[in-house]
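Trainee: got a predicted model here, sequence first, then my questions.
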Amino acid sequence: MEKKVRVRFAPSPTGGLHLGGVRTVLYNYLFARKHGGDFIVRIEDTDQGRYVPGAEEYIFDTLRWCGLEPDESVQHGGAFGPYRQSERKESYRQYAEQLINDGHAYYAFDTPEELEKMRQDHRTNENPSPQYDHTIRMTMRNSLSLTAEETKQLLEAGTRHVIRIKMPVNETIRFTDMIRGEVVFESNTVDDKVLLKADGMPTYHLAVVVDDHLMQISHAFRGEEWLPSAPVHIHLWKYLFGLDQMPQWAHFPLILGPSGKLSKRDGAKYGFPVFAMNWTDPKTGELTEGFKEKGFLPEAFINLLALLGWNDGTEQEIFLKEELIEKFSMDRVHSAGAKFDYEKARWFNHEWIKKSAVGSLESGVRTLLEASGLNNIDSAKLQAGDYIGKGSLYTDS
RNA sequence: GGCCCGUUCGUCUAAGGGCUAGGACACCACCCUUUCACGGUGGUGAUACGGGUUCGAAUCCCGUACGGGCUACCA
């Protein structure tokens, strides 16, 4: 029997959700709906140092606004909880220990200073960023280079340590990406990534594999920036649960700004929103504008996002969510990155505004007019268009 | 530097061996319109380069160039 389709979006709550993130949600959602599967949102909050209050709420508010509600999540419940990785902390260590017992991982006691020194000592023009890999691990302080007795003593003394994967030597690693086809890596070029941090939290690498397994994820979709760490994850699957259990993967093309991967900086610099909704950084008070507050209709927003890297093969550009669900297919997702074009985004919104009934637009327009300082707005006048020119759905100036 | 991914109009893209390389955004011109919108017609504009394979290549292979990503006890 075919495994039930279960996909997940796994954001880390560190700030606003930007275009690329929402598109990843969208493609997950469409895929799940199309195949009668489940869409799960799992909060990846394993870095307590980057915890940002409000970010998690913001993510769910955004999904609600977009109409992309998950079936299972912190807020929606489900049979595979907890859906917040910090609450799953205890379960990760046993998997890391299991890897050590099986000879696929090891304890490493190197301090940050020692790591820095290693990088310093090995840094050359040829090799500007030395890795903690098979060529140097025996020169570091870990359970591979130390005797069993020394390791035991360090552990018993409560020495701060991490657990690293022991990447094999001379292995060719390959997998089939749903978008890119076969991708090949040499294990020698991959470093011994940290799996469990000194604070007992897992890194993304361990957590994503363990949780995808525990939550019975059938297809794992993420951005292209994750492609280089795929060999680590493949090995973890192989060692922990078996390659035949591994979800099918697809790495989405990046959404590019004027110069490289789209960042929230680009928005401020070039004057277009990057986040789905307004986001105010609780620490700095800095506001990053969102599409919602810029006057974008959620239907237009997901429509334009869908077409950024995917099309149905026809010349249709305006799609209802239902049509997207019906027509979406992973093999029509592009492999090349797409540069975000704000003008085209505005056109999508324009088309959706034209399709909308006047009444349905009223409250949004009213909000925008009020935001630009107009009060005592008369509903009849508003619908008659008397306020045109006083403000704009595209409040750019 | 190493590894990985990618490369069709300025931008998003279609065409998965056989066409004058199609559409959309933007831009330009014209038309419609009292204004603002809307709408209509037309136009400029692309297969990175070099080798193969083939009767035939934007499509397949190799190389080069260029672009991007990754290279943290961040995701």
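Mentor: Done, it's in. Computed from a prediction, not measured in an experiment: that's the story for all the values here.

Trainee: I figured A:Asn28 hits A:Phe221, correct?
Mentor: Yes. Using Cβ atoms under 8 Å, A:Asn28 makes contact with A:Phe221 at a distance of 5.6 Å. Where C-beta positions appear, they are placed from N, C-alpha and C, glycine not excepted.

Trainee: overlap in contacts, those two.
Mentor: Common neighbours of A:Asn28 and A:Phe221, counting by Cβ atoms under 8 Å, 6 or more residues apart in numbering, are A:Val7.

Trainee: where do the strands sit along the stretch 251-397 of chain A?
Mentor: A:255-257, A:260-261, A:279-280, A:287-288, A:338-339 (DSSP state E, counting those that start in this stretch).

Trainee: most packed of the ones you listed?
Mentor: strand A:255-257 (a mean of 20; mean count of other Cβ atoms under 10 Å).

Trainee: mind giving me the packing neighbours of that strand?
Mentor: Using 3 or more Cβ pairs under 8 Å, 6 or more residues apart in numbering; DSSP states H and E as the contact test, the elements touching strand A:255-257 are helix A:19-34, strand A:338-339.

Trainee: parallel or antiparallel, list what pairs with that strand.
Mentor: Sheet pairing of strand A:255-257 (DSSP bridges) gives strand A:260-261 (antiparallel), strand A:338-339 (parallel).

Trainee: what's the average pLDDT for it?
Mentor: Averaged over strand A:255-257, pLDDT sits at 95.

Trainee: which residues touch it?
Mentor: A:19-20, A:23, A:261-263, A:266, A:270, A:274, A:308-309, A:337-340.

Trainee: ditto for stretch A:144-155
Mentor: So stretch A:144-155 is in contact with A:106-107, A:109, A:137-139, A:143, A:161, A:166, going by Cβ under 8 Å, 6+ apart.

Trainee: before we move on, back to that, which members of the contacts of strand A:255-257 are the farthest-apart pair?
Mentor: Greatest spatial distance among the contacts of strand A:255-257 (Cβ to Cβ): A:Tyr270 and A:Gly309, at 20.1 Å.

Trainee: so the two - more neighbours on which side?
Mentor: For A:Tyr270 versus A:Gly309, neighbours defined as other Cβ atoms under 10 Å are more numerous around A:Gly309 (21 against 13).

Trainee: still on that earlier bit, let's have the helices and strands packed on strand A:255-257 in JSON lines, adding distance to A:Gln94.
Mentor: Shown next, in JSON lines, are the helices and strands packed on strand A:255-257 (distance: least, Cβ to Cβ, whole Å):
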{"stretch": "helix A:19-34", "distance to A:Gln94": "29"}
{"stretch": "strand A:338-339", "distance to A:Gln94": "41"}
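
Trainee: next up, identify which helix or strand A:Phe185 is on.
Mentor: Element membership of A:Phe185, judged by DSSP states H and E, is strand A:181-186.

Trainee: and the average pLDDT for that strand is what?
Mentor: Per-residue scores along strand A:181-186 average to 94.

Trainee: please apply the same query to stretch A:22-40.
Mentor: Mean predicted confidence for stretch A:22-40 is 98.

Trainee: buried stuff in that stretch?
Mentor: A:22-35, A:37-40 (16 or more other Cβ atoms under 10 Å).

Trainee: touching RNA strand B at all, that stretch?
Mentor: No. Stretch A:22-40 lies out of reach of RNA strand B by Cβ under 7 Å from any atom of the strand, never closer than 10.3 Å.

Trainee: what's the answer for stretch A:10-18, then?
Mentor: Yes. Against RNA strand B, stretch A:10-18 shows contacts by Cβ under 7 Å from any atom of the strand at A:10-12.

Trainee: again, but for stretch A:174-182
Mentor: Yes. Stretch A:174-182 reaches RNA strand B (Cβ under 7 Å from any atom of the strand) through A:180-181.

Trainee: who's in contact with that stretch?
Mentor: Taking Cβ under 8 Å, 6+ apart as the rule, stretch A:174-182 contacts A:183-185, A:219, A:227, A:230, A:234, A:246, A:248-253, A:330-331, A:333-335.
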